[in-house]
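1. Sharing a model prediction with you, sequence too.
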Amino acid sequence: MRERLFLVLAFGTLTVVFCASLLIGRYSINALDLLHVLQGRGVPAIQAVLFQARLPRLVAALFVGAALAVSGTTFQAVFRNPLVSPDLLGVLSGSAFGAAFAILVHGGGTFVGLAAFFGGCCAVALGFAIARLVGREGVLPLLLGGLISSALFTALLSLLKYLADPFDQLPAIIYWLLGSLAQTQWGQLGVLVPLLALGMLVLWRSGRVLDTFALSDDEAHSLGLPIGRLRLFVLVIATGLGALTVSLAGIIGWVGLIVPHMARLLIGPAHRLVLPFAALLGASCLILADTASRSLASSEIPLGMMTELFGALGFILVLRQLRREGRL
């Protein structure tokens, strides 16, 4: 009963945050204007602001925040470590390299998002390949493979920054790395939203599988569970979600690390409940951060900077709560 109440409250909070964010921004819109637009009697300028500027980026923030939270929850379950995030296998560094390479050779557009997704997948594939070279199952080979892959693609990204034109290409790379939803278009959402929704649904349906990762590998094998294949399956889905979010929004940190902690503290450890609750919390948090990034200053603050600020403050509160409960 308590868990259901928390889920209802989280959904209600997300609904309120989403609707309020439609009205907040440098171009002020009141509830009456919104009602007129919904009735088809709105001013064309207000319709353009709502449907071409704010609504697509709010939908993007909703799904990106939810996907990052679900991906982070999955990673923390698989590696049995509350301090890991979706970047553990190098997906963010690989995506950053792919996007920077696309900016250098192409200049921008949809190609940057595709290159970011491909780069993230390549980094993760390299991490898995390195883990296979170790020759045994377990989380430690995956961890080592991810660290090596992340270091390699970070070095390659630094090389691209060095080669980039400092007056044109380098600022574009830096801005993309800071994260933003300002360029979100309905065409992108039509492709990425179904993929993000499908990935989150698959992981939610795998909630009982994630619960089994609390067991050691030996205990799982003694119960007849193919723990290695299960681990690979959920990690592929979770890293795919991470790569998709980067291709849409750039580098968005902390959401995949902090929100799973908040969800477990409030609703408990069972992943069939933690995953949807984390998705709702992650969506609300990123919508709030995006609203702040486009409203607090005359020029838009990069979304990644807002999540870094809020995430650092939130992590302090989470660590304090964990210490109070004796889990640190």
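-> Arrived safely, thanks for sending.

2. neighbours around Thr13, how many?
-> If you count neighbours by other Cβ atoms under 10 Å, Thr13 ends up with 14. To be clear about C-beta, it is placed using only N, CA and C from the backbone, and glycine gets the same treatment.

3. who does the helix or strand where it lies touch, helix- and strand-wise?
-> In the assignment (DSSP states H and E), Thr13 maps to helix 2-23. Here helix 2-23 touches helix 31-38, helix 55-78, helix 255-267, helix 271-295, going by 3 or more Cβ pairs under 8 Å, 6 or more residues apart in numbering; DSSP states H and E.

4. and among these, the most buried is which?
-> Neighbour counts (mean count of other Cβ atoms under 10 Å) averaged over each of the helices and strands packed on helix 2-23 peak at helix 55-78, with a mean of 27.

5. C-alpha coordinates for it, PDB please?
-> Extracted C-alpha coordinates of helix 55-78, given in PDB (Å, rounded to 0.1, in the frame of the first residue of the first chain):
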ATOM      1  CA  LEU A  55       6.600  20.800 -25.700                       C
ATOM      2  CA  PRO A  56       9.200  18.800 -27.700                       C
ATOM      3  CA  ARG A  57      12.000  19.600 -25.300                       C
ATOM      4  CA  LEU A  58       9.800  18.700 -22.300                       C
ATOM      5  CA  VAL A  59       8.900  15.400 -23.900                       C
ATOM      6  CA  ALA A  60      12.600  14.800 -24.500                       C
ATOM      7  CA  ALA A  61      13.500  15.700 -20.900                       C
ATOM      8  CA  LEU A  62      10.800  13.300 -19.600                       C
ATOM      9  CA  PHE A  63      12.100  10.300 -21.500                       C
ATOM     10  CA  VAL A  64      15.800  11.200 -21.200                       C
ATOM     11  CA  GLY A  65      15.500  11.600 -17.400                       C
ATOM     12  CA  ALA A  66      13.500   8.400 -17.000                       C
ATOM     13  CA  ALA A  67      15.900   6.400 -19.200                       C
ATOM     14  CA  LEU A  68      18.900   7.700 -17.400                       C
ATOM     15  CA  ALA A  69      17.400   6.800 -14.000                       C
ATOM     16  CA  VAL A  70      16.400   3.300 -15.200                       C
ATOM     17  CA  SER A  71      19.800   2.700 -16.800                       C
ATOM     18  CA  GLY A  72      21.500   3.800 -13.600                       C
ATOM     19  CA  THR A  73      19.300   1.600 -11.400                       C
ATOM     20  CA  THR A  74      20.200  -1.300 -13.600                       C
ATOM     21  CA  PHE A  75      23.900  -0.700 -13.500                       C
ATOM     22  CA  GLN A  76      23.900  -0.400  -9.700                       C
ATOM     23  CA  ALA A  77      22.000  -3.700  -9.400                       C
ATOM     24  CA  VAL A  78      24.300  -5.600 -11.800                       C
END
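
6. Identify the residues contacting stretch 296-311?
-> Residues from elsewhere that reach stretch 296-311, judged by Cβ atoms under 8 Å, 6 or more residues apart in numbering: 26, 175, 177-182, 249-255, 257-258, 285-286, 289-290, 292-294.

7. coming back round to it: what's the closest of the helices and strands packed on helix 2-23 to Ala238?
-> helix 55-78 (4.1 Å; Cβ to Cβ).

8. Could you check how far the closest one is from the centre of its chain?
-> Per Cα atoms, centre = their mean, to the nearest Å, the displacement of helix 55-78 from the mean C-alpha position of its chain is 4 Å.

9. That helix packs against which elements?
-> helix 2-23, helix 186-205, helix 207-212, helix 227-249, helix 255-267, helix 271-295.

10. which one of those helices lies closest to Leu144?
-> Minimum separation from Leu144 across those (Cβ to Cβ) falls at helix 227-249, 14.4 Å.

11. any idea of the angle that closest one forms with helix 186-205?
-> Using axes from the mean of the first three to the mean of the last three Cα atoms, to 10 degrees, the inter-axis angle of helix 227-249 relative to helix 186-205 is 160 degrees.

12. So which other helices or strands are in contact with helix 227-249?
-> On a contact count with 3+ Cβ pairs under 8 Å, 6+ apart, helix 227-249 meets helix 55-78, helix 91-105, helix 110-134, helix 139-163, helix 186-205, helix 207-212, helix 217-222.
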